[in-house]
Structures are given as C-alpha cells and as structure tokens.
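Asker: When you get a sec, could you give me coordinates for this:
(3 chains)
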Amino acid sequence: MPRTALESRAVSARDVAHSPYWLRQAPRLTVALFLVPIVAGLLGTVLPAFGWLPAIGGRTVSLAPWVTLFSQPGIRDAIALTLVTGFSATALSVILVFGFCALVHGREPGRAGRAVMAPILAAPHAAMAIGVGFLIAPSGWIVRLLSPWLTGWHQPPDIATVQDPYGIALTLGLLVKEVPYLLLMTITALGQVPAARHVEAAAALGYGRTVAWLKLVLPQVYRQVRLPIYAVLAYALSVVDMALILGPSNPPTLSVLALRWFTSPDIRMYFPAAAAALLQLLMVLASIALWRGGERVVAQLGRRWIARGARGTSLEPVAWLAAAVVVGLAGLGVASLADLALWSFAAGWRFPQVLPAHWSARAWTGELGTILWPLETTLVVALVASVLALLLVLACLENEQRQGVAASSRALWLLYVPLLVPQIAFLFGMQVLLTVFHLDGSLLAVIGSHLLFVLPYVFLSLADPWRSLDMRYARTALSLGAQPRRVFFRIKLPLLLRPVLIAAAVGVAVSVDQYLPTVFAGAGRVVTLTTEAVTLASGGDRRFTGVFGLLQALIPLAVYGIALGVSGRNRFRRQALGGRS
Amino acid sequence: MRLTPVWAAAVAVALETIAPARAAAAAMPWKAVLAQARGQTVYFDAWAGDQKVNAFIAWVGRQVAACCDITLRQVPLQDTSEAVAQVIAEKAAGQNTDGTVDLIWINGPNFHALKRRGLLYGPFTQRLPNDALVDTRDRSNLYDFTVPVDGFESPWRKAQLVFLYDSAYVKHVPHDIRAFPAWARRHPGRFTFPQVQNFLGVAFLEQALYALTPDPAVLQRPVREVNFAKATAPLWAWYDQLRPYLWRHGREFPASGPAERELLEDGEIDLMPSFNPAEAVADIEAGLLPKTVRTFVLAHGTIGNTSFVAIPYNSPHKAGAMVVANFLLSPAAQARAGNVRYWGGPTVLNLAKLTAAQHALFTALPKSPWMPPSSALQHVLPEPHPSWARRLAQAWARRYTP
Amino acid sequence: MSGPLRLEQVSIALEGRMLIPPFSVAVSPGEVLTLMGPSGSGKSTLLSVLGGTVAPVFRVTGRVWIGEREVTVLPPERRRIGILFQDDLLFPHLSVGENLAFGLAPSIRSRGAREARIDAALRDAGLAGFARRDPATLSGGQRARVALLRLLLAEPEVLLLDEPFNKLDAAMRADFRRFVFEHAKTAGLPVLMVTHDVADAEAAHGPVLELLHAPEGMPVIHGLDPRRAIHEAIEVASQTVWPPPTDRIKA
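Answerer: Coordinates of the predicted model:
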C-alpha cells in the first residue's frame, strides 16, 4: 500500500468518527455570531458619520457631521474629560493592583478577602455607581459620619462631590469596580508563576520584597494581564451608565454626549452622533496603542533599572500605600452596597443622621408591579443568554478536545473584540440587522446583544478549567467503549459541574450588568432592573433606586451562591474534588 | 430611555415599504372598542422619573388587566421627547401600521410637535364614555399650551406651579418672583430649579417671564425673533442677579423635580418649585420629605397646565390605548391619583357631573391642613405657546453654558 | 479470544522529526510485550496511537490489527482496546459500582444481571460489598484493582498498560502486577506495557522492546529478550522487530 494512503487513513481516524458536523462548525458559528453584528454595526456607524443615511436625507458623503460635531458646545471639554477619566482610572487601577500584589506577593486571598471581593465583582457597574453616589454625595454617608462633630456642618455643604466637572467621582466609581477585577486577573496569573520562590530568591540577594516583585514577578505576569488591562482601558474610556450616574452632565463624557444625540428628537443629530461614536472608537484604539507604547518605554526603563541591580527597600511604603488604598476601595464598594440596602428600607433619613430615623419596607412591597416586570425580564434575558453562551462555549471546547487543536492566541483576541470596541460604536449600527429581521425592541434582540458580551466572559471563565481536566479520564472512558457523547455527559460534564455553573453565573452577572445594549436593542421597550436603576438614578425616589440597585447586585450574587451550592451537593464531590474550584 | 430606529428608516427606503393603512377603529361603538381591546398589550410611553407615578401606572395596569384583559406596559422615559422622536422616526421609516408606541403621556411642545406633523390618531376623545365628565370650564383641558386639543389627546392630570420650602430652616419666603434674587442673597446656595431641558425648569423661567416681560400677551403667540430679545431682556437681568446665589452658584442643576426633591430632603436646599400642589403633603405622607416642608403659591398667580394622553397614528393597539385613556378619566382612577397616599393633585373632572357615589370618592380623600387653600390656586396663568419653552431653553443655554 | 495484536509498519513523527521509525510487531493473546525507553522516546504516544486518541500534531503511518479485524481507522470507543494509566482514574463522581457499570458492556441488559456481574467481579478481586463505596474512601491498591476490573468488564480485546504500577508502593506493586497479569492471561488478552521499571519487565515474562534515541538523532528500536539477557541489547534493523522469528512479521 502506498505510504500516502496509509498516512491518510491513520490520520483521518479521529476526524471522521469523533465530531459530528455541527460540532465541528461550533467555533465558526460562535465567532460569526459575535463578529457579524459587530462588523455590521461598525459599518452602520461609519456611514452616517460621513453623512450617508438616505432614510433621513443623508445622500452625500461629506465631512459635515464632523464639522457639526466639533462645533457643538463643550465638545472639547467632553473629549478631555473622557481621556482624563479613562486614563486615570486605568493607570491608577494598574498601579494600585500591582502595588497591592507586590506587598502580599501572590498569597491567596483569605476567606475575608474573598467575602469582600465577591459582591463587588458581582455587582453591576450601575448598581455600584448608584451606591458610590449615595455614599460620597454632600449629604452621603461619609459626610454624615463626620458631621457635625468634625465638620461643623448641620446642613450638607454646597460642594459638588458627585457629578463634579473633573470626573473625580466617575474615576472613583470606576476604581471601585475595576481594581477588584484586575486584582482577580492578576492573582489568577500569579498562580502560574513561581512568584513566592522568585521573591525569596531575590530577598536572599538582598532585594526588598516590593522591588523584587516588581523586577522579577511583574514582567512574567504582565503579559497575561495585558488583555484585561486593555479591556479596562476601553471600558473606562467609553462607559455610559457609570458616566450618567457619577459623571458631570454639562458637558458629560463623549459617550454620553453621543447617546444624548442618538436619542435626540432632532433627527439631524444622528450624523454628529455617529461621528462621535466613531471618534470614541478611534480614541479607544489610539489609547490602547498609546498604552502599548507606554508598556515598551516602561519595559526599557525597567530593564535598565533591573540591570543597575539596586536593592532598594524605599518602595516598601509606596506598596503599603497602594495596598491601603485597595483595601479602602474595597471598603467603599461594600459600604456602597450597604448604603443601597439602607436606603431601600429608609423612611425618614435626614442629614446628618447616620442611620435612618424610621424604617419601612414600602419600597419593596408597596408597588411590586413596578419591580416584577423588570425583574422577570432581567432574569429571562440573563438566563437565556448565559445558557446559550454556555452551550456554544461547551461545543467549542468539546470540539477543540476532540480535534485535539487548542485555540490559537489570535482566536483569544477575537474573543476580546466585544470587550475592546466601545459599545456605542457598534450598537447603534447593529440595529440595522435587528430592523431587517423585525427584531428591534424584542426580547430576542436584547438576548442576542447581551450574548456578545456574555459569551467572551463565559469562555474565559470555563476554558481553563475545561482544558486542565485530566484528558486521561476521557481516554479511559473511550477505551471502555463509551461513545464520545456519553463521555461528555457522563464524565466530563459531571466532573466539571462546578466551573460550568460558575461560568453560567459569570454569564448572568455580565448580562445583568449590560445597560447600553439593553437600551439599544430593546428600543426602550425592554425594561430591565439595570435600565430602570439608571433611569431612577437621574432623580427618582432614592428608596426605589436603592431597591433596584440592590436587586441588581443581589441577582448575580444569588446565582453564584446557587452555582456553588448545587455543585457542592454533588455526590462524592467533597471527598474527591473538594478542593477544586 | 427610548431610541429612535433611524435604521428602520434606512431599511424601509431599501425595501420600498408600502403606504399607510387607515385605522379601522374609527367608527366603532364603544362596545366594539372594548371587544377589540381584549388581549392587547398597550405600550404606554410615560415619563418615569417619579416612582409615585410609576406605581400609579402599575396600579392602572392591574385595573385594566382585571376589567378589560389589557396588558399595560410602561415604557419608562427620561423625557417625553424620546417618544416623540420615536414616532417621527417610525414615520420616516414608513412603519405606518406597526408602531412601537401605543399611548404617550404628553402635553405642550411634544403634543404640538406630533399634532403639527399629523402623527396623532384622532380625534378620538369624544368616543371615550368618561370624556363627558371632563371639566370643560377649565381652558387648559381644551387648549394645551395655547394649542387646541381638538380631540387628539385626552386629559388626565392637572398641574400648577407651586413652591416647597422647609419651614425648619426658612421663616420668610418670596411671594413675588421679583423677590427671589433678594431672598437668594440672604440664603446663598439654598435655592435652585431643575435644568432648563426639564419641563419644570423651563416653567420656572416662564413664570418669571410672565411677571417681568413688558407685554405678557406675546407669550400666548408663537415666538417671533424680533420681539424675543426685547421680551426677555428683563428676565436675563433678573436672572443675572439671582444666579450667583443659586445652589452650586448656578453652574449645576438637578436633573428633574424628583431629583431636586432629594436635595430638599437632604437639606442641601431650602426652596424648590413643583408642579403638584399636593406634592409636599404626599411626599411627607410617603416619608420622602420632612414633616416641616410647606407649600406656597406666588401672589400674582402661577402657570398651570393639563397633562394628556395621546395615541400615535401608527399604534397597532388603538382600541386598547383608548380603553386605558378612558380608564384614566374614570372617577376611580382620578380619585386614586388625587389621593395623597398614592400621588395627590387636582382632578381634571367636573365634580358636578358625577353621581353621588362617584362624588363621594373625592370627598372621602384624606385631607391635610398643609395643602395650599384652593383660593390660593384660583389664579392660574395659561402656559405660553410651546415655541417659547424651546426658545427660552436655547437662549438660556447659550448665555449660561461655560 | 480474538487473536493477536499486530502493528504493521507503524511509524510516528512529530514536526518532521521521526519519533519511531516504521516497525512491525505482533503480540499473542496472553503475552505481555514490554515497551521501554527514555522519556520522550514516544512510548506513551504509541499507546495513544493504538488507543485511537493520538493528537493530530503527530504524523502516524501504518496499520493496526486485532486478529483479522483492522482497527486503524476506528474511533477509540469501537477498538476494544482497554488502557490502564499510572493513576487509577476512577470517576470521582461515581460510586465504585457505578464506575464498574460504566465499563460493563451494555450487552448485559437486565439490572439484576449487571449488578450480579459487578458483585462477582468485586468478590473475585477481594472487594466484596464495595459497590456503594465512594472511590475516594478506598486505598491505592483497592482503587487500582477497581480500575482494572472496570476495564475488564468492558470486555476489551487488547490491554495497554501505561506505567500502571508506578504510583504504588513496593509491596502493593508486586501484588497488583500479579493481579493484572493473571487476569490478562485468563482473559487471553495481548498486552502492551510501557514501563521504566526493569522489575515490571521481568515480571511480565515476555519480550521487551526498547526505544532508543540514536546518537545521530535517528531513533532505533532494540529488541531485548529478558529470558536471555535483559540488558544485552540486540540491535535490529530499523525496519525489523522483536521478536526475531519471522513468522511473526507480517509486513
């Protein structure tokens, strides 16, 4: 028999028999499912940004929208505000997280640390923004705690501590959410580096711990947290819900300005709105490029710093300061959520009382009708989007294992596309697709748009545990004559139940977090706890705002709890796999 | 928040969508309307900034579900113009029969914008059985910001500008708009009004304009650029005196009435405007404002208006929308809305037209000694023509945006 | 009994580098062929080729037969080639009995018959009454025996051993080794064993095949006959095989 024939027969064995056609198409389907809407959406934004939108009379391609954009009052301030808040939130987050990690150098966070991090990570941005707003307002908890005994204030001071023109409150809100996220990413990455041993080895050479960490561990870890950092940068530059709640209103950030024009009754404002959305995209891309450049410069300087061999312990206090700020931010996050809870049960709560004088559950029980519908919608959208994402991700991972090919790092970048491209830049244009299929304003459209953001996070959450499952379990099961399908359902899925459920819970958390996609795809008709909370935050009854914010934060937390509870009850799990998570 | 599907327009142009279809509900008797309304889902685009209002609409939803098998969904708006933009864009898109808005809480400039373009269904109000109970002696039920209603919108709420203050901190209040700068100078940072993009914010400016402009009669006619500067010059002079002593030095403003109410509750300010004479009583009842808050009305009368509901021309659920509009006019709904435990405020009905049992619903409403006396609310100034609100907001933004 | 395991001109290459040059070999039912060689010489890869789970990065040629049945292109679950690893790999979410039931051929239908078969197997292994136990509560030796029982209940036609005794302590090791070889012999299975331990090879009482990296980079297969001289390499041409008798070479 000719050798080529032998070769092909031997090699083809696994391909033919192992994967049904649909399973082999799973990765392609998944990528298409989120790249097609984004690319189409971007196109739908780019065209009107240059004046082309025949439906409302834009039939010539021109730079007129850009001229209009730059002649809007306050546009320059809005751009400056966007860049300042975006960069300062990201840079501060990174510095704080690295400072914190340098100090504790890779020790696993204890039970208390986890207990503090979990609700902050799970809470949607909007809920956290509302809570932080309550907390730092001139009449907020912080001022109340200090008044009047320290400040002498019997009435709240006339100082803009929220929605301040410099975006300090917005930056603070971003820090409260993004620092724990980056911390989690960094700790995960540290698990793959022998950080403690390196630091000890350097200490033996006379290096201070912080310096040792920065010189030895950071360069190894940074590569793995680079994408999450870019995601944070993109998010901070283009965030809408937090900016609506904590940012200034005149002028607001660029994304809020674009949203305002998109929703303007004056249809002609779509052109500058599309231009602003495109500008937002360019700003994010330029900022990432700038950050990348900054990385190179820092790396060069770092090399020289390492080569000089300075042992210095002078950085120790800086790390302590960073760690203290991180702890303070965590405290602020937890206190914000507690403040939401307090407000939801407050009847009378005058300044400067530290606690409400009267309590009432009226906001919770009074008009359930206004809560139940958004609650139901939120749950349905979150659960359906998460289950869909889970099915796609499981199909991709199973296919990957059956084909024996790991996804390339380029594929991982693809996953990050929805997290790096500003939402406002493609959501508007994405509506063309929805309108074609008569889906705009439907629940299905909202679920689909949430899927774009749920899918990457579910994948990132599940891929590592799935890939690190001992492949020999599957090989053993196959050798016992079990069909691949049976191996998947009877062996892999039960063994990985915990990460699967946690990934689903991550999906729910991400879905509940979505504001802009709900507003766009839902065309205002699909009301979730998040859209309702943001609407109320602009000036509703703080008790109801508290209820909506708290519910929003509780749902992901409850789903995490259920996920852990269900997987914990799995028979024999405690004995054999108790430590796995 | 509502988004306008400009892309619907794009697609419609591409697909050459067909011409509008006429509504079939036009000549049906009320019984047939009720029958047709069964099973419909009515999307009610309503400003959602006040939870009391949202709770009331949720209550209405339960009632129409029970009586008429209608599912009422409030589409929460931050500003009514969002719904106006939606309907205009749907028109542009040729979405003439399957619009996404069935009922809009509307008045003033927003009503004018839709009526002028022929984008409202109607006239339909005379077909509502409860329309007969409306108080037709009240001009604002017939003319919305000087624009004749003509049966294209059905009244359901009354509003009149009043002021709330915290008597714990303030003893003397300005009963004349001209006295506001002097009061503010004595109480720096203790007064503000909502941003002028908000209807309450611009109403405060209009109230001042009434008192200050040389000839108030011009306010009843559309703005003419030639008179605008002359008519408003005293207003800006007055405002320049007031501005430095406003909360945050007049550089920032609360987003809406309810947002300003939080400032009053927290003690960040002592004085605020409101469009609901019963607001203070209702809010104290609900625990939203301290018991020391009182209401007063300006000496020479204040602006009053009526809120309506209108049905867009392309609503697919017109029958359901009419049933909801009719229910909003029912004595039961009006009495509930007038109850300070739920919302509070004057009714649009003529109580003399009610049966004894219906009348009793209103006499049974909880009373409060702190309600402004009805004599104080006698003098109602009609809203200026809708064009003034927009023009004033524009001019204000140009003068005072940094 | 279904016949010998035959490898026909099987070769394995990775990224253009020949790991195992084409060779042929046959293992009779009840015979144990021991595969030795340094790490990275391709021993375990060869087992995964036979099991049908080799990663596609490896270029594999040749054919594999069990008796007159060619399994080269069959998916792993249809090859009837059982494999035992150095870890017992009992499914931790299933009880001992459920683990065995997972392996037990589906041809035994009735629940009673299946349970009886499992109980019998457990009794035979000195593990009577263990069916409901959590695998995690068993000792290492017990777990290893359960793993083998599970494999045998699937009625394989070939047994592959991938260093299965490595993690057991010395006493248990000899014990379990005997247990495995006895059962394989009883079942009449051709056995291919990968090991680093000469004692394993001796205990197998079978031929030994050693994979070596030649100094020039071209790997060479050495056949060793432990019955004659264990460490005395018998060099064979790269295309030929152990054992020398030509009747075993089919290619």
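
Asker: pLDDT on the one helix or strand A:Ser287 maps to, on average?
Answerer: Assignment of secondary structure by DSSP states H and E places A:Ser287 within helix A:270-308. The average of the pLDDT scores along helix A:270-308 is 94.

Asker: Quick one: the strands in chain B, in order.
Answerer: Here chain B has its strands, by DSSP state E, at B:41-47, B:71-77, B:103-106, B:143-144, B:147-148, B:154-160, B:162-166, B:271-274, B:293-296, B:302-310, B:380-382.

Asker: can you tell me which of those comes nearest to chain A?
Answerer: Chain A lies closest, by Cβ to the nearest Cβ, to one member of those: strand B:71-77, at 5.3 Å. Yep, even glycine has a C-beta here, placed from its N, CA and C like the rest.

Asker: what's the angle from that closest one to strand B:41-47?
Answerer: Using axes from the mean of the first three to the mean of the last three Cα atoms, to 10 degrees, the direction of strand B:71-77 lies 30 degrees away from that of strand B:41-47.

Asker: near chain A, anything from strand B:71-77?
Answerer: Yes: residues of strand B:71-77 contacting chain A under Cβ under 8 Å from any Cβ of the partner chain: B:Arg73, B:Gln74, B:Val75, B:Pro76, B:Leu77.

Asker: Redo the strands of chain B as a markdown table? Include mean pLDDT and distance to A:Tyr235.
Answerer: Formatted as a markdown table, the strands of chain B follow (pLDDT from 0 to 100; distance: least, Cβ to Cβ, whole Å):
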| stretch | mean pLDDT | distance to A:Tyr235 |
| --- | --- | --- |
| strand B:41-47 | 94 | 30 |
| strand B:71-77 | 91 | 25 |
| strand B:103-106 | 97 | 35 |
| strand B:143-144 | 94 | 44 |
| strand B:147-148 | 94 | 46 |
| strand B:154-160 | 95 | 41 |
| strand B:162-166 | 96 | 40 |
| strand B:271-274 | 97 | 36 |
| strand B:293-296 | 95 | 41 |
| strand B:302-310 | 96 | 40 |
| strand B:380-382 | 92 | 49 |
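
Asker: Check residue 195 and give its pLDDT.
Answerer: You didn't say which chain, so I picked chain A. We have a pLDDT of 81 for A:Ala195.

Asker: think we crossed wires, I meant chain C
Answerer: Confidence score, pLDDT, at C:Thr195: 90.

Asker: Kindly report the same for the one 3 residues further on.
Answerer: Confidence at C:Val198, expressed as pLDDT, is 86.

Asker: what's the answer for A:Arg3, then?
Answerer: As predicted, A:Arg3 sits at a pLDDT of 37.

Asker: next one: B:Ile18
Answerer: 33.

Asker: ditto for C:Asp225
Answerer: pLDDT, C:Asp225: 50.

Asker: and the residue of the stretch 151-251 of chain C found nearest chain B, what does it touch?
Answerer: Taking Cβ to the nearest Cβ, chain B has its nearest neighbour within the stretch 151-251 of chain C at C:Ala154, 57.8 Å off. The contact partners of C:Ala154, by Cβ atoms under 8 Å, 6 or more residues apart in numbering or on different chains, come to A:Ser479, A:Leu480, A:Gly481, C:Arg80, C:Gly82, C:Gly103, C:Leu104, C:Ala105.

Asker: filter those to the buried ones?
Answerer: With burial judged by 16 or more other Cβ atoms under 10 Å in any protein chain shown, the buried subset of the contacts of C:Ala154 is A:Ser479, A:Leu480, A:Gly481, C:Arg80, C:Gly82, C:Gly103, C:Leu104.

Asker: These in helices, which ones?
Answerer: Assigned to helices by DSSP state H, the following of the buried ones among the contacts of C:Ala154 qualify: A:Ser479, C:Gly103.

Asker: for the buried ones among the contacts of C:Ala154, which one is nearest C:Met18?
Answerer: Taking Cβ to Cβ as the measure, C:Met18 sits nearest to A:Ser479 out of those, at 26.7 Å.

Asker: nearest residue to the closest one other than its sequence neighbours?
Answerer: C:Ile83 (4.6 Å; Cβ to Cβ, 6 or more residues apart in numbering or on different chains).

Asker: Counting neighbours, what do you get for the closest residue to chain B within the stretch 451-581 of chain A?
Answerer: Closest residue of the stretch 451-581 of chain A to chain B, Cβ to the nearest Cβ: A:Gly539 (2.4 Å). As a burial measure, A:Gly539 scores 23 neighbours (other Cβ atoms under 10 Å in any protein chain shown).
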